[in-house]
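Participant: Below are the sequence and a predicted model for it; my questions follow.
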Amino acid sequence: MDWISVSGNITKSDTFPEVEFNSLLSNNQWICAAGDSGTILLSTDKSAFRRVESATRKNILSLAFFHEEILAGSEQGELLIGDEKGMFRSLQLNLKGNIVSLSARASDCYGATDQGEIIHSTDGVNWTIFDFNEYYSGYYKPCRFTRILAMDNQIAVAGIKDDGSPVLMFSTQGTVWSERALSYTDDQGMLSYLTEIPTDLFYDVLEDQLILVSNKGQMMKIPSCSHCNKLMVLSTEDLKGISENGNTWMVVGSHFYIKAIEAIR
């Protein structure tokens, strides 16, 4: 686990050789990291990490902070609820897939599975399940979601269709979804389409634009204008995540790829 400066330099590292991390969550007081075999590590006030009992041995795939609680999405529809003190309990949801992504805003929390399900809660305990593939059968191609993002005015979910093509959907309330074409104008002025699997979503508040990162080093700016998408290639590595620190965007990917870039606006 690396601490990275806004210039992209690693300032501190901790090594946990027995752990495979899948998700990281932090605020000003604590850091939570989760991974395979039910691993949850917590660090408060920049102290050493301690392993806490997660109430599962399944792989934990996603984290979110909602209503002063840490939510952890796991395999086979298992959701964990806990806090920075390390007290977690398990909640089993009636899902077909694994909870690969969670995203919270002030009023509610959303999650997505790799079998096309979208879950929603206003309290972190009681969840509704929306089966996207079943509801839109015959209209949209079946999807496997990889990431969900809850913004103030809308929700975005990204993933891959059953034909292998990437997909991005928007909704205002999480039940009626519309597809956003992942098209862009290439360097030759021709209309092209994103072909790589989306892996993370980030909302740039200042420019009211969505940033999508994907495999093969590709990053796409998605503004409110449906014909103004812009594709950038940052690397040959598969990009895995993007976050913001002030005017700096931090992008990470496979093979320890780290790139700090000035916000593209």
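Facilitator: Looks like it arrived, so ask away. Numbers count the residues shown, from 1 in each chain.
Participant: Nearest to the middle of this protein, which residue? Look it up for me.
Facilitator: residue 147 (4.4 Å; Cα atoms, centre = their mean).
Participant: Quick one: mean pLDDT over the helix or strand it falls within.
Facilitator: Residue 147 belongs to strand 143-150 when assigned by DSSP states H and E. Taken as a whole, strand 143-150 carries a mean pLDDT of 98.
Participant: Partner strands of that strand and their direction?
Facilitator: Looking at strand 143-150 with DSSP bridges, its partner strands are strand 155-161 (antiparallel).
Participant: Report the buried residues of the partner strand.
Facilitator: Using 16 or more other Cβ atoms under 10 Å as the test for burial, strand 155-161 gives 155-160. From N, CA and C alone the C-beta is placed, and that goes for glycine too.
Participant: which one of these is nearest residue 87?
Facilitator: Closest approach between the buried residues of strand 155-161 and residue 87, by Cβ to Cβ: residue 155, at 29.3 Å.
Participant: what ranges do the helices span in the protein?
Facilitator: 132-135 (DSSP state H).
Participant: worst-scoring helix or strand of it, pLDDT-wise?
Facilitator: Using mean pLDDT, DSSP states H and E, strand 2-4 stands out as the lowest-scoring helix or strand of the chain, at a mean of 84.
Participant: Run through the neighbouring helices and strands of that strand.
Facilitator: Applying 3 or more Cβ pairs under 8 Å, 6 or more residues apart in numbering; DSSP states H and E, one finds that strand 2-4 contacts strand 10-13, strand 257-262.
Participant: Just the buried positions in that strand, please.
Facilitator: Applying a neighbour-count criterion of 16+ other Cβ under 10 Å, one finds residue 4 buried in strand 2-4.
Participant: So what touches it?
Facilitator: Residues from elsewhere that reach strand 2-4 (Cβ atoms under 8 Å, 6 or more residues apart in numbering): 10-13, 250, 258, 260.
Participant: rewinding a little: deepest-packed of the helices and strands packed on strand 2-4, please.
Facilitator: Mean neighbour count (mean count of other Cβ atoms under 10 Å) peaks for strand 257-262 among the helices and strands packed on strand 2-4, with a mean of 14.
Participant: distance between it and the chain's centre?
Facilitator: 18 Å (Cα atoms, centre = their mean, to the nearest Å).
Participant: Direction included, what does that strand pair against?
Facilitator: Using DSSP bridges, the strands paired with strand 257-262 are strand 248-253 (antiparallel).
Participant: chain center to the strand it pairs with: distance?
Facilitator: Mean-position distance between strand 248-253 and its chain equals 14 Å (Cα atoms, centre = their mean).
Participant: pLDDT (mean, whole number) over that strand?
Facilitator: On average, the pLDDT along strand 248-253 is 92.
Participant: Can you list the buried residues in it?
Facilitator: Residues 249-253 are the ones in strand 248-253 that count as buried (16+ other Cβ under 10 Å).
Participant: now, which of these sits nearest residue 63?
Facilitator: So of the buried residues of strand 248-253, ranked by how close each gets to residue 63 (Cβ to Cβ), first place is residue 252, at 15.7 Å.
Participant: Distance-wise, check the closest one relative to residue 210.
Facilitator: 18 Å (Cβ to Cβ, to the nearest Å).
Participant: now swap in residue 92 and tell me
Facilitator: Taking Cβ to Cβ as the criterion, residue 92 is separated from residue 210 by 32 Å.
Participant: So between those two, which is more surrounded?
Facilitator: Legend: neighbour count by other Cβ atoms under 10 Å for residue 92 and residue 210, higher for residue 210 (23 against 11).
Participant: and the more buried one, what does it touch?
Facilitator: Contacts were defined as Cβ under 8 Å, 6+ apart; by that measure residue 210 touches 149, 156, 201-204, 221-223.
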